[in-house]
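Visitor: Dropping the sequence and predicted coords here.
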Amino acid sequence: MTLELEKEREILIPDTSVFTNPDVYREFGKDPPEAFANFLELAAQAPNVKVYMPASVYEELKKMLRTFKIPPKARAVFRVKSPKKYEIQIPAFLLYELIDDIRQRINKGLRVAEEAVRASVQRSPDEIINALRRKYREALREGIVDSKEDIELILLALELDGLLLSADRGILSLADKLGIRWVPPEEIRDTLEGLIYTP
């Protein structure tokens, strides 16, 4: 294959959220396994599309989908590949932003815990724990890259100049800062269909 043809190929890098977030996967099927199968079938119809997924994300997806098997036709477009972690460089400003963000989130988490203690005289322990868990999770984990799988998606997209597909706000925010191409979750299906009909 010539270098020119290789450049025309579109590399899609989907996150598990595409197949587990109901707002996104319902565009492809009635449940996550059907959505993943249909996504891959659609990708197989696009002449110059390949789908890549880091090994850690693929393992995570397999646990979520349990007995799922990749459709034979989709094998031609689907690849499992981890990023070259020891070769990819990222800008130092991200480290500064990460430290600042973590500090702010810790402070928010502390305020959530204080709120729960104050509410303990008025509500049952189960109510307090449920509210504390929900608010604490929002304060510390929402909108941030918070797992090895998340960062591997970002690194692979950087390495391959791939188009990142995700419903995770933290992943999309970091992708945007790094100049990685991404698609809003509500446009993933239309984008994939557009690639099928692109000459």
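Guide: Good, I have the coordinates.

Visitor: For residue 88, pull up the helix or strand it's in.
Guide: Using DSSP states H and E, residue 88 sits within no helix or strand.

Visitor: Now do the contacts for it.
Guide: Contact analysis of residue 88 by Cβ atoms under 8 Å, 6 or more residues apart in numbering lists 155, 158-159. To be clear about C-beta, it is placed using only N, CA and C from the backbone, and glycine gets the same treatment.

Visitor: Kindly report the same for residue 113.
Guide: 132, 136.

Visitor: what helix or strand is it on?
Guide: Residue 113 belongs to helix 93-119, assigned by DSSP H and E.

Visitor: Off-centre distance for that helix?
Guide: 23 Å (Cα atoms, centre = their mean, to the nearest Å).

Visitor: Break down the chain into its strands, ranges please.
Guide: Taking DSSP state E to define them, one finds strands in the chain at 10-14, 49-53, 78-80, 163-165, 182-183.

Visitor: Mean neighbour count for these - can I get that in CSV?
Guide: Formatted as CSV, these follow (neighbours: other Cβ atoms under 10 Å):
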stretch, mean neighbour count
strand 10-14, 24
strand 49-53, 21
strand 78-80, 15
strand 163-165, 24
strand 182-183, 19
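
Visitor: Turn the ones you listed into TSV, including mean pLDDT and distance to residue 23.
Guide: As requested, the strands of the chain are exported to TSV (pLDDT from 0 to 100; distance: least, Cβ to Cβ, whole Å):
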stretch	mean pLDDT	distance to residue 23
strand 10-14	95	15
strand 49-53	94	20
strand 78-80	92	23
strand 163-165	96	13
strand 182-183	94	14
